[in-house]
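Asker: No letters, just coordinates:
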C-alpha cells in the first residue's frame, strides 16, 4: 500500500496562475480532506469529501475548488493563485468521518 | 463548536527527562481526541487517539495521554525523552457524532537538549 500520495512535492507559481494539486489514496477510504499548514496556525481544513461525487467546504475554502469523481482521487485546484496561498498543503483520508486520518507527505507551494 | 488549545508553542527538554505537552479542548458533546506528530518535511502521523474507551491511552514510541473530562485536558507525556522525539506535535478534536470536522491545535515544537 502506498497510502496517501501527493504530487508535486514543491511548486512555484506566479500570481494569477492556476494549478492542480493531486492527491490519491489506495486504502478505499470514503473520507478525504485537504488542509493547509501555516506557521503558528496549525492545520486548517480547506475542503473535504465524504465519498465520490460529494464535496463540501471547510474552514478556508476561498480560492480553491475540489471534485471527487472516484474514491481514490481528490484533486485541489487553485483558480488564480495569490501570495496568501503560499503554504504547505496536506491531503488526508480516513475510512469514515471521525476515524484516524492518514496524511500524505505534503505539497509546498510558493506563490510569487 | 469545538476547539483545541495547546499551551506552549515551543517546549525544550533534556534527553532522558519527562516530556509533557499540554492540550485542552472544548466540545459541547463527548469528543474523540488525537495526538499527531510531524517530523521535519513530512506529513502527520498518528501517535495515539482517545475514543471513549480507557481514559489512559498508550501510543507509539512510548507516548501516552490521559483524558480528563473534569479538566477538559488530554496532555501528552513520555517518561524519558529521546533525541528522535524532536518534532512538532498536534492535538486534535472531533465530536463523536454530528457534522463537526477534525479541529487541530496550533502545534507544539519539541526540542531535545543533549
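Answerer: Received it, and whenever you're ready, just let me know what you need. Given the structure is predicted, the values throughout are model-derived calculations rather than measurements.
Asker: If you tally nearby residues, what's the number for residue A:7?
Answerer: Residues lying near residue A:7 (other CB atoms under 10 Å in any protein chain shown) number 13. Every C-beta, even on glycine, is put in place using the N, C-alpha and C of the backbone.
Asker: So in terms of bridging, what pairs with it?
Answerer: The residues listed as beta-bridge partners of residue A:7 by DSSP bridges are residue A:22.
Asker: which residues touch it?
Answerer: Shown in contact with residue A:7 (CB atoms under 8 Å, 6 or more residues apart in numbering or on different chains): A:21-22, A:107.
Asker: quick one: stretch A:85-103 near chain B?
Answerer: Yes: counting by CB under 8 Å from any CB of the partner chain, chain B is contacted by stretch A:85-103 at A:90, A:92, A:97-98, A:100-103.
Asker: Could you check how far that stretch is from the centre of its chain?
Answerer: 8 Å (CA atoms, centre = their mean, to the nearest Å).
Asker: Same check on stretch B:44-51?
Answerer: On CA atoms, centre = their mean, the centre of stretch B:44-51 falls 8 Å from the chain's centre.
Asker: List the residues that contact residue 90.
Answerer: You didn't say which chain, so I picked chain A. Contacts here follow CB under 8 Å, 6+ apart; on that basis residue A:90 touches A:6, A:34-37, A:43, A:103-104, A:106-107, B:43-44.
Asker: hm, I was asking about chain B
Answerer: Residues A:42-43, B:6, B:35-38, B:44, B:104-105, B:107-108 are the ones in contact with residue B:90 under the rule CB under 8 Å, 6+ apart.
Asker: Equivalent analysis for residue A:92, please.
Answerer: A:4, A:32-35, A:101-104, B:44.
Asker: Check residue B:96 and give its pLDDT.
Answerer: pLDDT, residue B:96: 65.
Asker: actually residue B:100, sorry about that
Answerer: Looking at residue B:100, its pLDDT is 67.
Asker: sorry, back to before: nearest to residue A:61 among the contacts of residue A:92?
Answerer: Residue A:61 has its nearest neighbour among the contacts of residue A:92 in residue A:34, at 9.4 Å by CB to CB.
Asker: from memory the closest one sits against residue A:87, does it?
Answerer: No: counting by CB atoms under 8 Å, residue A:34 stays clear of residue A:87, with 10.9 Å between them.
Asker: Those two: who's more crowded?
Answerer: Neighbours were counted for residue A:34 and for residue A:87 using other CB under 10 Å; residue A:34 has more, 28 against 21.
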